[in-house]
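Asker: Build me a model:
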Amino acid sequence: MKCAEGIEARQVDETAINIDPIQVGGRLTADAMKAVIAYGDGYSVCDNCRKPFRLDYIKSPPIAEFHTDLASWLDMDACRVVPGARRGFQAVCQGLVSKGDPVILTALSHYTEFIAVESVKGLPREIPKDAENQITADAAAETIERVIRTEGKTPALLFVEGVDYQFGNHHDVQGIAKVAHSYDIPVLYNGAYTVGILPVSGKELGVDFVIGSGHKSMAAPAPSGLVATTAEYADQIFATTAVKGDQTGRTFGIKEVAMMGCTLMGVTVMGMMASFPHVKERVLNWDLELANSRIIIDAFSAIEGTTIISEMPRRHTLTRIDTRESFDRVAQTHKKRGFFFTSALGKKGITGVIPGATKIWKFNTYGMTKAQAEYTAEAFLDIARENGLTVAD
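Answerer: This is a model prediction of the structure:
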């Protein structure tokens with residue numbers, strides 16, 4: 001099947017169980033699919049755009065209401081939709097960070113957080129992870145003290161991951177935020193792997209900004225995301241334009257500088273909106289998602305030579321695994337080398353593992369039914385047995 005000449009129809013999730021670490025939370029709902037078709041034209045949502053000509057003021061479709069609902073859902077005061085979490089990072093940095101300002105990130109921060117700091121000529125400084133791959137409040141305090149001592153100024157902002165992309169580990173966000181606030185440092189919560197996946201309350205976490213990814217965790221088309229903040233910082237982050245044309249005298253109303261006027265037009269915002277009722281419902285089933293994930297974790301734990309690198313017991317569906325002493329041992333002598341593993345998975349209808357990966361790799365079980373989790377777990381055990389690996393009862 002082809003969408004058009006040279007463009008094959010993508011049927012990954014229709015034909016296989018997908019465990020790709022970055023894809024499973026962004027699978028569209030049926031309602032989002034319909035919205036994609038109905039609002040696929042570039043400026044489709046602008047049919048009823050009236051003064052002041054800004055996305056978050058459009059009432060039909062109810063985009064204005066969607067912004068209000070997002071802020072309330074996250075227990076924050078104001079929210080904007082943006083083209084991906086990275087643009088949320090950038091908006092906050094643009095509002096708070098000046099050239100030469102130190103900004104605290106972590107040893108587990110995503111590269112886009114670093115680039116957001118770099119884009120405003122800030123100085124990224126990292127909180128080290130501990131032996132358990134955790135970012136702790138004590139380490140945050142030590143890093144802040146070090147930065148103040150070496151840079152001669154207090155950091156302008158601190159980033160912290162709710163769940164990091166490398167291990168899928170939870171971190172002490174509340175403790176870290178408390179430490180940062182004792183130095184009057186605002187805190188940005190990176191919820192790329194939590195917002196839309198599990199319940200998130202910005203006020204409960206004690207953070208100043210919540211960033212979410214629509215296409216990673218909110219069943220939305222790419223690129224989409226959100227940035228939410230408290231009333232204290234809303235005017236600063238969502239500052240409106242003040243420039244004036246020197247020849248024409250033109251001004252530009254209340255367009256927001258960090259949003260470049262408007263952000264998500266057409267298919268992205270409408271897909272995100274269409275999935276939102278389902279997303280609000282699914283975060284309440286987080287315990288079931290974890291239970292399904294642990295079925296597969298138990299299977300891996302039974303394969304001799306296999307190690308779960310992520311924190312145990314697992315508290316997220318994204319997991320990093322070390323199979324150098326199990327599946328990679330097979331790969332050393334197999335005629336397909338490391339590709340034997342993804343080939344075997346493919347034959348069993350499982351996709352999402354990087355081709356050739358048999359050493360250290362990640363997978364994500366989010367969105368599986370219990371039956372799919374049990375089938376996937378048995379598939380890994382079968383591949384182990386078929387290739388001479390010892391499997392515990």
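
Asker: for residue 339, what are its contacts?
Answerer: Shown in contact with residue 339 (C-beta atoms under 8 Å, 6 or more residues apart in numbering): 355, 356. Placement of C-beta: from N, CA and C, glycine included.

Asker: Kindly state the pLDDT recorded for it?
Answerer: Residue 339 is assigned a pLDDT of 95 by the prediction.

Asker: Residue 327 versus that one, what's the distance?
Answerer: Separation of residue 339 from residue 327 (C-beta to C-beta, to the nearest Å): 11 Å.

Asker: With residue 165 instead?
Answerer: According to C-beta to C-beta, residue 165 stands 22 Å off from residue 327.

Asker: which stretches of the stretch 101-250 of the chain form strands?
Answerer: For the stretch 101-250 of the chain, the strands defined by DSSP state E, counting those that start in this stretch cover 102-106, 123-127, 157-161, 187-190, 209-213, 225-229.

Asker: would you list those in CSV and tack on mean pLDDT?
Answerer: Formatted as CSV, the strands of the stretch 101-250 of the chain follow (pLDDT from 0 to 100):
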stretch, mean pLDDT
strand 102-106, 98
strand 123-127, 98
strand 157-161, 98
strand 187-190, 98
strand 209-213, 98
strand 225-229, 98
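
Asker: list the contacts for residue 101?
Answerer: Residues in contact with residue 101 (C-beta under 8 Å, 6+ apart) are 122, 123, 153, 155, 156, 157.

Asker: Now do the contacts for the most centrally placed residue in the chain.
Answerer: The centroid of the chain falls nearest to residue 192 when counting by C-alpha atoms, centre = their mean (2.0 Å). With contact set as C-beta under 8 Å, 6+ apart, residue 192 has these partners: 85, 110, 165, 211, 212, 213, 216, 217, 225.

Asker: picking up where we left off before, right, and the strands of the stretch 101-250 of the chain - which one's nearest residue 114?
Answerer: Among these, the nearest to residue 114 by C-beta to C-beta is strand 123-127 (5.2 Å).

Asker: ok now the closest one, how far from the chain's centre?
Answerer: Strand 123-127 has its C-alpha centroid displaced from the chain centroid by 20 Å (C-alpha atoms, centre = their mean, to the nearest Å).

Asker: Repeat that for stretch 291-310.
Answerer: Centre-to-centre, stretch 291-310 and its host chain are 23 Å apart (C-alpha atoms, centre = their mean).

Asker: just stretch 185-202 next, same as before
Answerer: With C-alpha atoms, centre = their mean as the basis, the distance from the averaged C-alpha position of stretch 185-202 to the chain average is 9 Å.

Asker: With stretch 129-137 instead?
Answerer: Mean-position distance between stretch 129-137 and its chain equals 20 Å (C-alpha atoms, centre = their mean).

Asker: Can I get it in CSV, CA atoms only?
Answerer: Output of stretch 129-137 as CSV, limited to C-alpha atoms (Å, rounded to 0.1, in the frame of the first residue of the first chain):
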residue,chain,number,x,y,z
LYS,A,129,23.9,11.0,38.9
ASP,A,130,24.7,8.6,41.7
ALA,A,131,25.6,4.9,41.4
GLU,A,132,21.9,4.0,41.1
ASN,A,133,21.5,6.4,38.2
GLN,A,134,19.4,8.8,40.3
ILE,A,135,19.5,12.6,40.6
THR,A,136,19.2,13.5,44.3
ALA,A,137,18.4,16.6,46.2
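
Asker: Run through who's touching it.
Answerer: 106-108, 127, 139, 160-161, 164, 166-167, 169, 171-172, 175-176, 178-179, 309-311.

Asker: before we move on, the earlier item: tell me which of residue 165 and residue 327 has more neighbours.
Answerer: residue 327 (26 against 19; other C-beta atoms under 10 Å).

Asker: If you drop the residues flanking it in sequence, what lies closest to that one?
Answerer: residue 358 (4.4 Å; C-beta to C-beta, 6 or more residues apart in numbering).

Asker: Please report phi then psi for that neighbour.
Answerer: Torsion angles at residue 358 (phi, psi; degrees, to the nearest 10) stand at phi -140, psi 10.

Asker: And it, what's its pLDDT?
Answerer: Predicted confidence (pLDDT) for residue 358: 95.

Asker: What's the separation between it and residue 386?
Answerer: From residue 358 across to residue 386, the span is 15 Å (C-beta to C-beta).

Asker: more neighbours, the two?
Answerer: Between residue 358 and residue 386, counted using other C-beta under 10 Å, the more crowded position is residue 358 (23 against 10).

Asker: what residues are up against that one?
Answerer: When contacts are counted by C-beta under 8 Å, 6+ apart, residue 358 is found next to 323, 324, 327, 328, 330, 331, 338, 340, 341.

Asker: could you pull out the helices for the stretch 201-350 of the chain?
Answerer: Taking DSSP state H, counting those that start in this stretch as the test, the helices found in the stretch 201-350 of the chain are 202-205, 214-217, 231-237, 267-282, 286-301, 327-333, 339-347.

Asker: All set, thanks.
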